[in-house]
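Colleague: quick one: sequence plus predicted model below, questions after.
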Amino acid sequence: MNPALINRLTPFREEALGRGIPPEDVERWIATARPSGTLVTSGDGPVVGRFGGPLLLPADAPDPWSPLLATLDCAALPEETTGLQLPPDGRLLLFGFPEMTYYGGSAGEVVYIPEGTPVEERNTKYASVYGEEGNEFDDGAALSVYEQFPQEELRLAPDVSLPYHFLVRSPEGGDETVTLPGHPRAWDLAEVWEETYGDIIVDGPLHIGGYASHECTETDPVTDAAEDAHEARRHRADDTAELPAPGEWTLLAQWDIGLNGREGSTLHWVIPRQDLAEGRFDRAHVSFFWNP
C-alpha cells in the first residue's frame, strides 16, 4: 500500500499505544489496512462518475428494480486506489433504495456495461418494487426519500481503511470475539479506529472498496450481507446454484445515506471475490442497515 496512506494512520497508532495496547498488536492490526476510494462531490480530485443522471442501458437489458444511485467509470478507479479488481474499462451502475427487504432480498443491484456497448436512455421509475402499475410510488415516505437522491459529479479521493467491527458470527449463529492470529485485542483496536477514523479518512458519502461499516460495530456488514444473499437464495425455488461462503465476499461500495427520513442508514453492495475477479456482477447483493 502507498506509504502515505499508512502514514495517515498515525493518530490511530498513537491513540492505541496511549491506551496501553501492546505495540506488536497495534502494528499487526495496521497491517490489515486496505486501500479504498472515497467519492466526494467537491474538491480537486479526478471526476470518476456521478450520482444520478440519465439511466443509460443496452436496449435488451431488463428494467432495474431499484433507482439508479451512481454511474462509475471503471478506468478511473485503479486497483491501487480501491483495492478492487474492477474491469479495466466500461461503466459500473449502482442501483439501490434504502428500504428493508424480506427474506434477505437484495435492496438493489449492480450492472456492468463494457466500453463501446450501445446504450439508450431508459425512463423507468421503478414501480416494480416501490409502487403500483403506472410507474408511481405508492408510499409517500418512499417518494420523499427518492426525490432526495443526489445528482452531482463524483470525484475520487484515495483513502485507507481498517476494520470497524470486532465480533464475527459463529457457525451456530451466535457471536464470538474475533480471534484472528496476532489480534487478541481486536475489541480495543476496533474501538480505537471507530473513535479516530474521523481524523484520518476523507469525509464523503460513497466508498469504494475497503472495510464496510455501519452503526452496529458488533458484526461485519459484508458477512451479514452475504448471509442475506444465502437466505434470499433459499427462498427462490427457481435458483438452486450454490453461492460462495460468506467469508469469500468483499465490499464493492457503501453509501452513507444521510437523507431526511433515512438518517443513520447505510447501503452496502457486496460481491463474491471470484465474481469480481471475473467481471461478473449478477450475483452482487445489496443490504440495507438502519438504526432509526
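Modeller: Arrived safely, thanks for sending. Residues are numbered from 1 along each chain as shown.
Colleague: strands of the stretch 151-292 of the chain, start to end?
Modeller: 153-161, 167-169, 175-177, 206-208, 249-256, 265-272, 285-290 (DSSP state E, counting those that start in this stretch).
Colleague: residue 232: which of those strands is closest?
Modeller: Closest approach to residue 232 among these (C-beta to C-beta): strand 285-290, 7.5 Å. Placement of C-beta: from N, CA and C, glycine included.
Colleague: out of the strands of the stretch 151-292 of the chain, which gets nearest to residue 195?
Modeller: Nearest of the strands of the stretch 151-292 of the chain (C-beta to C-beta): strand 153-161, 15.4 Å.
Colleague: may I have the closest one as PDB, with CA atoms only?
Modeller: The C-alpha trace of strand 153-161 is given here as PDB (Å, rounded to 0.1, in the frame of the first residue of the first chain):
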ATOM      1  CA  GLU A 153     -20.400  14.700 -10.100                       C
ATOM      2  CA  LEU A 154     -18.200  12.300  -8.000                       C
ATOM      3  CA  ARG A 155     -14.500  12.900  -7.500                       C
ATOM      4  CA  LEU A 156     -12.000  10.300  -6.200                       C
ATOM      5  CA  ALA A 157     -10.100  10.700  -3.000                       C
ATOM      6  CA  PRO A 158      -7.600   7.900  -2.200                       C
ATOM      7  CA  ASP A 159      -8.200   6.600   1.300                       C
ATOM      8  CA  VAL A 160      -7.200   4.000   3.900                       C
ATOM      9  CA  SER A 161      -9.500   1.600   5.800                       C
END
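Colleague: just to revisit the earlier point, take the strands of the stretch 151-292 of the chain and write them to TSV, including mean pLDDT, distance to residue 16 and mean neighbour count.
Modeller: Listed next are those as TSV, based on pLDDT from 0 to 100; distance: least, C-beta to C-beta, whole Å; neighbours: other C-beta atoms under 10 Å:
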stretch	mean pLDDT	distance to residue 16	mean neighbour count
strand 153-161	96	15	22
strand 167-169	48	19	17
strand 175-177	45	17	11
strand 206-208	97	23	26
strand 249-256	96	23	24
strand 265-272	96	25	25
strand 285-290	94	26	24
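Colleague: I'd like those as JSON lines, with distance to residue 187 appended.
Modeller: Putting the strands of the stretch 151-292 of the chain into JSON lines (distance: least, C-beta to C-beta, whole Å) gives the following:
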{"stretch": "strand 153-161", "distance to residue 187": "18"}
{"stretch": "strand 167-169", "distance to residue 187": "8"}
{"stretch": "strand 175-177", "distance to residue 187": "6"}
{"stretch": "strand 206-208", "distance to residue 187": "24"}
{"stretch": "strand 249-256", "distance to residue 187": "21"}
{"stretch": "strand 265-272", "distance to residue 187": "22"}
{"stretch": "strand 285-290", "distance to residue 187": "21"}
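Colleague: for residue 81, which of those is the nearest?
Modeller: Of all those, strand 153-161 sits nearest to residue 81, with 4.9 Å by C-beta to C-beta.
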